[in-house]
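Trainee: Sequence and predicted structure, then a few things I'm wondering about:
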Amino acid sequence: MSSDLHVRPFVQETLGTLSLQFSHSAIQSRMELLRPDALDLSYTQLMMGFLLFQPAPARLAMIGLGGGSLAKFCHRHLPAAQIQVLEINPHVIALRQRFGVPDDSARFSVSETDGADFVAAPPAPLDVLMVDGFDREGTPPALCSQRFYADCHAALAADGLLVLNLHSHHADVELHLARLQALFGDALLQVNDPDGCNRIVIACRGELLSQPRAHLLRQPAGLDGEAWADLRPAMARVHAAWLRLQR
């Protein structure tokens, strides 16, 4: 696909951060210059809530690179995972070195690929699929259709997790949730981002979210103390959403 069809993002730098943006009114991704692998935006911390249920995925894919915050975090803290990042916009990929996204390797890759095409024919079942694909207009229609969600469901392994970033104020957000519920039933939890307009959805193909867990809110083995301290408030919100799901 021609790069002329894609919006060029721009980079905004302050004394302590580097942001990727499509407009001056919204930040797509933000990196702390002194901690480039940390998750600076709260919605990205909420998306990592899947670690409470699946702390050691073998195969993980993410749709949407942005400034690479989630990709870098997973690359650092999930060293045993095979990680594939799908990004349709070549102008976003061109900024990967500016944001310190790791080079491709045997366990990590970034490819210029339509995420909808990828989930329609994944190379292998996925333990975790993260969808954070936004452009200047919001979520592209191809990444929130019933067909796309059905392909996401089919792409997951048994007890695989789909982690979605939705815009909580989008006119069709309830329609998107209804589409997801038609596929995942009650195995779906929602968490609103207190610092923005994001609603994070974690859905499971299987029984993982309904299993009794006496010690759910505990530090995953792969996280160091600093990363867990950063994530702890977000994990508490995910834990509270999971408790509501059990009622």
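Mentor: Ah, there it is. Being a predicted model, the structure only gives us computed values, none of them experimental.
Trainee: Alpha carbons of the helix or strand hosting residue 119, as CSV, please.
Mentor: Assessed by DSSP states H and E, residue 119 sits inside helix 115-120. In CSV, the C-alpha atoms belonging to helix 115-120 read as follows (Å, rounded to 0.1, in the frame of the first residue of the first chain):
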residue,chain,number,x,y,z
GLY,A,115,-3.7,-6.0,11.3
ALA,A,116,-7.0,-7.2,10.0
ASP,A,117,-5.2,-9.3,7.3
PHE,A,118,-2.9,-10.7,10.0
VAL,A,119,-5.7,-12.0,12.3
ALA,A,120,-7.6,-13.4,9.4
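Trainee: so what does the helix or strand just after it touch, helix or strand wise?
Mentor: Going down the chain from helix 115-120, the next helix or strand is strand 126-131, by DSSP H and E. The contact analysis (3 or more C-beta pairs under 8 Å, 6 or more residues apart in numbering; DSSP states H and E) places strand 126-131 against strand 59-63, helix 146-155, strand 156-167. (C-beta placed from N, C-alpha, C; glycine too.)
Trainee: Each with direction, which strands does strand 126-131 pair with?
Mentor: The strands beside strand 126-131 in its sheet (DSSP bridges) come out as strand 59-63 (parallel), strand 156-167 (parallel).
Trainee: In contact with residue 30, which residues are there?
Mentor: Residue 30 sits next to 17-20, 40-41, 67, 69 when contact means C-beta atoms under 8 Å, 6 or more residues apart in numbering.
Trainee: From the residues you listed, which land in strands?
Mentor: 17-20 (DSSP state E).
Trainee: among those, who's most crowded?
Mentor: Highest neighbour count within the ones in strands among the contacts of residue 30: residue 20, with 22 neighbours (other C-beta atoms under 10 Å).
Trainee: Isn't it up against residue 96?
Mentor: No - using C-beta atoms under 8 Å, residue 20 makes no contact with residue 96, being 10.4 Å away.
Trainee: And the strands in this protein?
Mentor: Taking DSSP E as the criterion, the chain contains strands spanning 10-13, 17-23, 26-32, 59-63, 82-87, 108-112, 126-131, 156-167, 188-192, 198-205.
Trainee: Tabulate the contacts of residue 30 (CSV), appending pLDDT and distance to residue 228.
Mentor: CSV is the format used below for these (pLDDT from 0 to 100; distance: C-beta to C-beta, whole Å):
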residue, pLDDT, distance to residue 228
17, 95, 22
18, 94, 24
19, 93, 25
20, 91, 26
40, 93, 16
41, 92, 18
67, 94, 22
69, 96, 17
